[in-house]
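> Sequence and predicted structure, then a few things I'm wondering about:
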Amino acid sequence: MDQPALDAALNEELSAEIGRAVIDAMKNTFSEDVKPGTYEVGEGPVVLSGDVSGVIGMVQNDLEGTLTICFHEETMKNILPKVLGKDVQVTHDMAMDAVSEITNMIYGHVKNALNSRGFQLKLAIPSVLSGRGQFINHFHRGRYLVMPFNIADRQFQVHIAVHQLQQH
């Protein structure tokens with residue numbers, strides 16, 4: 001059975017799924033309201049900025065791709081006390097753990113939504129990149145969807161990049 005082309009799904013329906021995943025994860029975890037911005041679809045390299053980023057592979061038989069979420073560490077320091085307690089000093093490691101969990105939650109939601117449409121994405125484990133003022137430059141063959149969000153007066157980004165593999 002042929003799987004649908006995920007790069008064709010980089011559209012309004014997917015942006016709505018990403019929006020729901022992010023809003024649910026942030027509301028349920030941090031009791032924070034998140035405002036989605038306007039998504040963009042494009043091809044080629046794209047630069048994302050932040051201090052702490054979660055990256056997770058999107059894998060199925062016919063494609064390779066990533067879901068990346070970029071936060072500024074200050075954003076994590078502002079919202080983590082809502083879960084950990086107001087008197088807790090949020091460390092860099094805590095921020096990294098939180099971004100890993102958020103990435104996993106959002107990927108799980110997006111994966112389930114796409115799999116219900118026949119994409120057959122597999123489980124994956126997130127990695128976290130960190131460094132003050134980092135720029136993640138995705139050099140990939142294929143299309144991307146990037147969507148900005150605002151939380152606690154700060155912006156973060158969700159980026160999905162996909163590349164359909166050649167059939168032999």
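Received it, and whenever you're ready, just let me know what you need.
> residue ranges for the strands of the protein, please.
Listed in chain order, the strands of the chain (DSSP state E) span 34-36, 40-43, 46-60, 63-71, 127-138, 143-151, 154-164.
> what does the last one contact?
Residues outside strand 154-164 that contact it (C-beta atoms under 8 Å, 6 or more residues apart in numbering): 5-7, 10, 14, 18, 22, 37, 46, 48-50, 58, 62-72, 74-75, 78, 106, 110, 138, 140-149. (Glycine included, C-beta is placed from N, CA and C.)
> Adjacent strands (with direction) for that strand?
When sheet partners are counted by DSSP bridges, strand 154-164 sits next to strand 63-71 (antiparallel), strand 143-151 (antiparallel).
> highest average neighbour count across the ones you listed?
Stretch with highest mean neighbour count among the strands paired with strand 154-164: strand 63-71 (a mean of 23; mean count of other C-beta atoms under 10 Å).
> my guess is residue 104 meets residue 55, correct?
No: applying C-beta atoms under 8 Å, one finds residue 104 not in contact with residue 55, separated by 11.3 Å.
> Now do residue 42: how many residues are near it, please.
Neighbour count of residue 42, defined by other C-beta atoms under 10 Å: 12.
> can you point me to the longest helix in the protein?
Of all the segments assigned as helix in the chain under DSSP state H, the longest by residue count is helix 92-115.
> and that one with strand 154-164, angle?
For helix 92-115 against strand 154-164, the angle by axes from the mean of the first three to the mean of the last three C-alpha atoms, to 10 degrees is 50 degrees.
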